[in-house]
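Student: coordinates only, sequence not included:
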């Protein structure tokens, strides 16, 4: 789910030529719970961030791994695979990762996008990991055939 903050970046790009909307920079954060399902008005307080040993928000920068062109002329920009790896044994039960969100890195941060996983991923032992591929849809396509 993309939030109004992301939509505002798109609008700013269209109106003023700021950084293209697919070239966002910010942080990817894992969540263990959410008080409100991700929506266009999501704020960081809606999510409980993971705290397991070895965890840290992963920065993403506008250096894309390259576009993927899909058959219907749509496309996606790949930010690459982000590793989140537990470094030590967690307390009994560990943590269950239920999704992630991307913020813009501002102070205070603004949620740009968030996603809930179909099933939670338990993190309890050293080496337990989640490797997340961040993919942002290209909202502006260059026509082919030129």
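Tutor: All right, it came through fine. Note that this is a predicted model, so its numbers are computed, not measured. Numbers count the residues shown, from 1 in each chain.
Student: Please count neighbours and contacts with C-alpha atoms only from this point.
Tutor: Noted.
Student: can you pull the buried residues of the single longest strand found in the chain?
Tutor: Longest strand in the chain, counting residues (DSSP state E): strand 111-123. For strand 111-123, a neighbour-count test (16 or more other CA atoms under 10 Å) marks 111-116, 121-123 as buried.
Student: Does residue 128 touch residue 89 like I think?
Tutor: No. The criterion here is CA atoms under 8 Å, and residue 128 misses it with residue 89 at 9.4 Å.
Student: picking that back up, just after the longest strand of the chain, pick out the following helix or strand.
Tutor: Sequence order places strand 129-137 as the next helix or strand after strand 111-123, per DSSP states H and E.
Student: so what strands line up beside that next one?
Tutor: Using DSSP bridges, strand 129-137 pairs in its sheet with strand 75-85 (antiparallel).
Student: Provide the contact partners of the next helix-or-strand element following the strand it pairs with at residue level.
Tutor: The helix or strand immediately downstream of strand 75-85 is strand 95-103, counting by DSSP H and E. When contacts are defined by CA atoms under 8 Å, 6 or more residues apart in numbering, strand 95-103 is touched by residues 26-33, 44, 50, 52, 109-117, 119-124.
Student: redo that, cut-off 7 Å
Tutor: Contacts to strand 95-103, defined as CA atoms under 7 Å, 6 or more residues apart in numbering, come from residues 26-33, 109-117, 119-124.
Student: Okay, now the sheet partners of that strand, with direction.
Tutor: strand 26-34 (antiparallel), strand 111-123 (antiparallel).
Student: Next, format those as CSV and append mean pLDDT and distance to residue 57.
Tutor: Formatted as CSV, these follow (pLDDT from 0 to 100; distance: least, CA to CA, whole Å):
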stretch, mean pLDDT, distance to residue 57
strand 26-34, 94, 5
strand 111-123, 91, 13
